[in-house]
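>>> 3D model of this:
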Amino acid sequence: MNIASIIMKVQNPVNHKRQFFVSSKKLYRLLTPESSYKTFVETNISWSRLRENIDYHYNERFETYNLSISSVQAILILENNEKSWQFFNELSDLIANGFAAINQ
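Residues are numbered from 1 along each chain as shown. Next comes the predicted model:
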């Protein structure tokens with residue numbers, strides 16, 4: 001599985017524009033960290049310096065956080081392991097190519 005497969009385009013509840021987001025549950029499954037999902041969320045989202053309703057928002061329907069692309073990059077760096085850097089590089093390539101792989 002690659003990072004492009006978990007990126008989705010959804011409406012931001014704050015500005016009502018469609019933007020790219022990644023579900024925190026899908027990112028957690030992709031990274032398969034040794035911590036629990038609850039710890040992953042607390043460490044990387046709740047206790048971090050990410051800005052609520054700007055870098056992420058809670059999706060009540062699916063009981064997950066929708067993470068902006070920049071917050072995904074920050075979380076991948078915070079995880080700091082081989083897998084997270086692999087996905088960080090994939091995401092950087094997607095950004096550099098204008099998300100062409102997703103827009104097709």
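
>>> ok, Ala74 - contacts?
Residues near Ala74 by CB atoms under 8 Å, 6 or more residues apart in numbering: 48, 50, 55. Glycine gets a C-beta too; all of them are placed from N, C-alpha and C.

>>> can you redo the residues you listed as JSON lines with secondary structure and neighbour count?
As requested, the contacts of Ala74 are exported to JSON lines (DSSP: H, G, I helix; E, B strand; the rest coil; neighbours: other CB atoms under 10 Å):
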{"residue": "Ser48", "secondary structure": "coil", "neighbour count": "16"}
{"residue": "Leu50", "secondary structure": "coil", "neighbour count": "18"}
{"residue": "Asp55", "secondary structure": "coil", "neighbour count": "20"}
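
>>> Using JSON lines, lay out the residues you listed together with distance to Ala4 and pLDDT.
JSON lines is the format used below for these (distance: CB to CB, whole Å; pLDDT from 0 to 100):
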{"residue": "Ser48", "distance to Ala4": "24", "pLDDT": "92"}
{"residue": "Leu50", "distance to Ala4": "22", "pLDDT": "95"}
{"residue": "Asp55", "distance to Ala4": "20", "pLDDT": "95"}
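
>>> Ile102: which of those residues is nearest?
Asp55 (19.5 Å; CB to CB).
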